[in-house]
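**Q** Need the 3D shape of this:
(one chain, ligands or ions: 1)
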Amino acid sequence: MTDVLLYVSPGTCARVATVALEEIGVPFETRIIRFMKGEHKSLRYKSVNPKGKVPALVIDGDTLTENIAIITYLDKRYPDAHLMPRAGDDWAKAQQLADLCFCGTTLHPNVSRIRVPQLLVSDPNAAVYVYEKGIKGMHEYFQLVEDRLADGPWWYGDTWSMMDAYLYWAFWRVEGAEFDVGPYPRFTAHARRIEERPSVQRSMAREEEAQQQLEAEGLVFVPSVPKRADA
Ligand SMILES: N[C@@H](CCC(=O)N[C@@H](CS)C(=O)NCC(=O)O)C(=O)O
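**A** Coordinates of the predicted model:
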């Protein structure tokens, strides 16, 4: 049997890889990395992922990091799970990679700016600046997603894919950080739709359990919207 272990932390983008494994239906275990204890930067975890980030997927003893690489690999290894639409040629495949990169390298940095600006810069006024930059950037990109969803319920029209799971994580993350999702009714409906998906529900249940574990240990980070020091 395939031996699968995923390093995660609740609320993080490790949800994307978790949803992929839940979609496939392969049995897997998750191991919580305790950010509040600095476990992600520990020598022990860095021997798994030298970048000190989650997710990290260990499959049959080998480790793969980066959500986009994880999705791409799992899609190839488990084609019946249809994690991504079948690409007819190299160009279509490259377009799909560009889409996933939009989530990983455009949306994700703005999620961090909005959610945890205090972890990016220590000066409180600079944190406000970073937060506001994130909000501005995110509005531009949310509009892009909103326009795209005019063509169907999912990013690829009628076909659900891991692209939707990745978009959902970004949406969910900023919706809980005073980001106004009001101007984006299609993207909001997309989020509510994806929350009905069993793989997403199972992933959220895993996160909830992990969150409760961290709460019991007093290791929950509560992000707050930054305020100017002179306000
Ligand atoms: N490009 C990576 C990003 C991973 C990442 O930044 N994960 C965050 C959680 S959402 C993390 O582990 N942050 C810890 C840190 O940067 O110190 C991926 O897509 O997998």
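**Q** Give me the contact list for the longest helix seen in the chain.
**A** Identified as the longest helix of the chain according to DSSP state H is helix 124-148. Contact with helix 124-148 is made by 102, 106-107, 110-114, 117-118, 120-121, 155, 167, 174, 179, 181, 183-187, 190, 225-230, as judged by C-beta atoms under 8 Å, 6 or more residues apart in numbering. Glycine gets a C-beta too; all of them are placed from N, C-alpha and C.
**Q** contact partners of the lowest-mean-pLDDT helix or strand in the chain?
**A** Least confident helix or strand of the chain, by mean pLDDT, DSSP states H and E, is helix 117-120 with a mean of 94. Taking C-beta under 8 Å, 6+ apart as the criterion, the residues outside helix 117-120 that touch it are 112, 113, 124, 127, 128, 130, 131, 134, 223, 224, 226.
**Q** Pull out the buried residues from those residues.
**A** Under a neighbour-count criterion of 16 or more other C-beta atoms under 10 Å, the subset of the contacts of helix 117-120 counted as buried comprises 112, 113, 124, 127, 128, 130, 131, 134, 226.
**Q** Max pairwise distance over the residues you listed: which two?
**A** Spatially, the most separated pair among these is 112 and 124, at 17.1 Å (C-beta to C-beta).
**Q** okay, now residue 63: neighbour count?
**A** The tally of other residues near residue 63 (other C-beta atoms under 10 Å) stands at 14.
**Q** same question, residue 136
**A** Number of residues near residue 136 (other C-beta under 10 Å) recorded here: 11.
**Q** Roughly how far does residue 162 sit from residue 137?
**A** Taken as C-beta to C-beta, to the nearest Å, the spacing of residue 162 relative to residue 137 amounts to 23 Å.
**Q** So between these two, which is more surrounded?
**A** Neighbour tally, residue 162 and residue 137, criterion other C-beta under 10 Å: the higher count belongs to residue 162, 29 against 16.
**Q** Now do the same contact list for that one.
**A** 16, 19, 20, 23, 71, 75, 83, 84, 100.
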